[in-house]
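In: Sharing a model prediction with you, sequence too.
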Amino acid sequence: MSEPGKIRSGYAAIAGSANSGKSALINALSCRNISPSYNYRGTTRISISSIYMTETEQVCFIDTPPLDYYEDEELFRNSDVICLTLNSTELSTKLKSPVLRNFINRNRKTPIIFVPTFIDYFPAELHGAFTNQISMSVNYQEIVPVCAPCGQGVSRLRSAILKYIPERGKLFPDGCTSLHSERFLVSEQIRISLFSVLPAEIAATIAVQIEEFSIRDQKRYVRANLHVARHSNKGVVIGRKGAMLQDIADLASKGASRMIERPLYLDLWVKVRESWPENRDDLIEFGYLF
Ligand SMILES: Nc1nc2c(ncn2[C@@H]2O[C@H](COP(=O)(O)OP(=O)(O)OP(=O)(O)O)[C@@H](O)[C@H]2O)c(=O)[nH]1
Ligand SMILES: [Mg+2]
């Protein structure tokens, strides 16, 4: 419990291997569909924050790209607590993985909560076995098994996280939902809609580039290019008589208006940037390399 007048406020980073349920977890913990969560390795390309706020608590959850591909050491060092997701269907392999063991070693100074995910694959009586398995292999602050898409364990995890968030007064202004610009949040909503309607292998190789973000008559007007990595994908994204592109635009503008709590008009264009994921200059231009 917080002292009267004091509030807990801080940062909880979510780390883990590809497809271990990090994005599903940030969406469930912060009660907001902010980060694309799909069955594809490396869906999350850039860290994304989502702030959970009550009268007495503020937690800025940060979803991160898979540790197998990239680790923002400073982000984890500066967080109050780390939630490390481990797919419980491959727990023993993951606990031995050098990537995860090195991560745990490097972040000894930050409290780590171990979060076995996909626990809906197992009957409840087996969940205790995950705790035993983890506690025998690593030092840990707490272990909270979850299934983020079905909500199981999510409130328990939020309470566990709050124990490590200090009473330091408000870090975020009332009503603040993310540390990111509306521009970035809209581009992630476009990515969510791409994954919803296109095959994952096509959606994952589309770069969203916001060309214009302006305010007209109180409405946000957004013009965005969808850069496909192969010429042959352009027709798939546009669809018959533009039907697919229209579906993407409808879904994305609904999601984005909800996210930024403002009306929004979205104008999408499909362009080809052949093999952009393999080109360093393109990665820098699209904001995926610094
Ligand atoms: N059944 C089940 N599915 C889950 C669970 N957690 C996540 N998923 C699904 O697993 C897939 C991958 O989840 P993500 O949240 O995208 O995983 P991620 O760790 O963010 O993946 P990357 O961004 O690629 O590293 C999605 O289809 C989720 O809906 C879970 O606990 N149970
Ligand atoms: Mg993700």
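Out: Right, received. Where do you want to start? Ligands and ions are numbered 1, 2, ... in the order given.

In: sec struct for the closest residue to Asn19 other than its chain neighbours, please.
Out: Leaving out its chain neighbours, the residue that sits closest to Asn19 by C-beta to C-beta, 6 or more residues apart in numbering is Arg41, at 5.2 Å. (Each C-beta comes from the backbone N, C-alpha and C, glycine too.) Assigned by DSSP: H, G, I helix; E, B strand; the rest coil, the conformation of Arg41 is coil.

In: And Arg41, how far from Ile48?
Out: For Arg41, the distance to Ile48 equals 17 Å [C-beta to C-beta, to the nearest Å].

In: circling back: burial check on the residue nearest to Asn19, number of neighbours?
Out: Counted with other C-beta atoms under 10 Å, the neighbours of Arg41 add up to 13.

In: ditto for the one 3 residues further on
Out: Using other C-beta under 10 Å, Thr44 has 23 neighbouring residues.

In: Tell me if it really is in a helix.
Out: No: going by three-state DSSP, the assignment for Thr44 is coil, not a helix.

In: residues contacting the residue lying closest to Gly153 once chain neighbours are set aside?
Out: Nearest residue to Gly153, sequence neighbours excluded (C-beta to C-beta, 6+ apart): Val146, at 3.5 Å. The contact partners of Val146, by C-beta atoms under 8 Å, 6 or more residues apart in numbering, come to 21, 25, 28, 115-117, 119, 152-154, 156-157.

In: can you narrow those to ones near ligand 1?
Out: 21, 117 (C-beta under 6 Å from any ligand atom).

In: Of the contacts of Val146, grab the buried ones for PyMOL.
Out: In PyMOL syntax, the buried subset of the contacts of Val146 is picked out as below (16 or more other C-beta atoms under 10 Å):
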select buried, resi 21+25+28+115+116+117+119+152+153+154+157
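
In: which ones among the contacts of Val146 are found in helices?
Out: 25, 28, 154, 156-157 (DSSP state H).

In: Averaged pLDDT, the helix or strand where Ser9 lies. What do you get?
Out: Counting by DSSP states H and E, the element that carries Ser9 is strand 8-16. The average pLDDT for strand 8-16 rounds to 97.

In: And for stretch 31-46?
Out: Averaging pLDDT along stretch 31-46 yields 93.

In: From one end of it to the other, what's the distance?
Out: 20 Å (C-alpha to C-alpha, to the nearest Å).

In: and it, is it in reach of ligand 2?
Out: Yes: counting by C-beta under 5 Å from the ion, contacts between stretch 31-46 and ligand 2 involve 43-44.

In: ok, now how distant is Ile248 from ligand 1?
Out: Here Ile248 is placed at a distance of 19 Å from ligand 1 (C-beta to the nearest ligand atom, to the nearest Å).

In: contacting residues around that residue?
Out: By C-beta under 8 Å, 6+ apart, Ile248 lies in contact with 190, 193-194, 197-198, 226, 237, 268.
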